[in-house]
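K.L.:
test case, fold it:
(2 chains)
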Amino acid sequence: MYDANKIIPGLIIFALFMTFPFWYNLGADAYTTPELELPEDYERCIESTEFMRAEHMNMLDEWRDLYVREGYQEYWSELKQESYPMSLTKTCMYCHSDKEKFCDRCHNATAVDPYCWTCHIEP
Amino acid sequence: MKNSRRKFIKFAGMAALGWSICPSLAGARSGPRQSADRLRAERWAMVIDSEKLNDELMDKCIEACHKLHNVPDIPNDQNIKWIWKEPFYNLFHDQSHGYLKDKKSIPFLSLCNHCDNPPCVRVCPTQATFSRDDGIVLMDFHRCIGCRFCMAGCPYGSRSFNYYNPRNFLDDDDLVHDYPTREMGVVEKCEFCAHLLDQGEMPACVEASEGAILFGDLNDPNSDVRKVLQERYSLVRKPKLGTDPQVYYLI
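P.N.:
Reported below is the predicted structural model:
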């Protein structure tokens, strides 16, 4: 091989650089799912836990357009067989009344910074 | 061969028919619904009776509105207002003259006119402000980028810009939780209490006015607003501009 003395160190440096996140975090704690404080009086949310975990942000995004622009006011929950107002403060925060022990724990752990609360008022 | 093509088309036809019927048979699924309580109208309009309104009542209306919508009171010329007092001469500048009896300096209530042909909606680049089917010109604060074209477009000065974070001028304990505040860089204005109408309630100023402000469906010939407009003389602001304002003043 021509220029092996340059290429091989180059490859080693490249490999080290690319794997930086892995060896840099070697000693660090593994990610643990944050412990959430769930409302005691209610057994279920308006959709399944898996759905809410994965889709709550899309749901809220859809809700705001549906409520403000499309003229819908309520969300019919097949799971609960009940209608709920499509409202972050009136529906979500009615049960999950402590933002710090519910919203913030995951958002902080995953470094997400939603800007709901610059306008909407925390309970 | 002929037979099988015929069969295939029949089968496809039946399948398409079945497919079109099936979703409606599946019954209620999770999803958005319209509330049964909400008040409906073809065209909401407001009639302000200048004879019944007095200073005290106007203050009550203003307070009810600004309290409900978390509107701050900022002590300089960058204040926020949804509904406010304005002298007759300013409101109806093009319909008055220097020798107008009594009325000239009398304060009137002024608010967004919810025009049928709203210039603010036409100029908004993000469609943050838009006309609802029932005629209400609504703000979607989520979409407002604070360009203030709408403020330049509005001939009535009905819009206010948040030069500051409004929370700095509101008492945290006095906030109404059912309605959000705004943030810095967003335009706001009266919205005919669309959120109350959707819950089946009348706008806050109408409730507070003790009958001096009427609110109803202009397309319904039996509504209060239609009747009173036929009986008494009324004015709208700057009719020449062609914005077709829907707040009427009984004189």
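
K.L.:
how many neighbours does residue A:120 have?
P.N.:
Neighbour count of residue A:120, defined by other Cβ atoms under 10 Å in any protein chain shown: 17. C-betas here are computed from N, CA, C, even on glycine.

K.L.:
give the contact list for it.
P.N.:
Residues near residue A:120 by Cβ atoms under 8 Å, 6 or more residues apart in numbering or on different chains: A:88, A:89, B:180.

K.L.:
sec struct for the residue nearest to residue A:72 when sequence neighbours are not counted, please.
P.N.:
Nearest non-adjacent residue to residue A:72, counting by Cβ to Cβ, 6 or more residues apart in numbering or on different chains: residue B:32, 3.8 Å away. Under DSSP: H, G, I helix; E, B strand; the rest coil, residue B:32 falls in the strand class.

K.L.:
wait, what's in contact with residue B:32?
P.N.:
Here residue B:32 is in contact with A:63, A:66, A:70, A:72, A:74, A:75, A:76, A:86 (Cβ under 8 Å, 6+ apart).

K.L.:
what about 10 Å?
P.N.:
Applying Cβ atoms under 10 Å, 6 or more residues apart in numbering or on different chains, we find residue B:32 in contact with A:62-63, A:65-67, A:70-76, A:83, A:86.

K.L.:
in ChimeraX, select just the buried ones from the residues you listed.
P.N.:
Only the buried entries of the contacts of residue B:32 go into this ChimeraX selection, using 16 or more other Cβ atoms under 10 Å in any protein chain shown:
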select /A:62,63,66,67,71,72,73,74,75,76,83,86
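
K.L.:
that older thread, can you put the contacts of residue A:120 in JSON lines and add neighbour count?
P.N.:
Putting the contacts of residue A:120 into JSON lines (neighbours: other Cβ atoms under 10 Å in any protein chain shown) gives the following:
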{"residue": "A:88", "neighbour count": "18"}
{"residue": "A:89", "neighbour count": "17"}
{"residue": "B:180", "neighbour count": "20"}
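
K.L.:
now render the residues you listed as CSV, adding secondary structure and distance to residue A:41.
P.N.:
Formatted as CSV, the contacts of residue A:120 follow (DSSP: H, G, I helix; E, B strand; the rest coil; distance: Cβ to Cβ, whole Å):
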residue, secondary structure, distance to residue A:41
A:88, helix, 19
A:89, helix, 18
B:180, coil, 26
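
K.L.:
what about residue B:230, which SS state?
P.N.:
Applying three-state DSSP: residue B:230 is helix.

K.L.:
can you name the element that comes right after the lowest-mean-pLDDT helix or strand in chain A?
P.N.:
Every helix and strand in chain A was compared by mean pLDDT, DSSP states H and E; the lowest is helix A:20-24, with a mean of 89. Following helix A:20-24 in sequence order, the next helix or strand is helix A:49-65 (DSSP states H and E).
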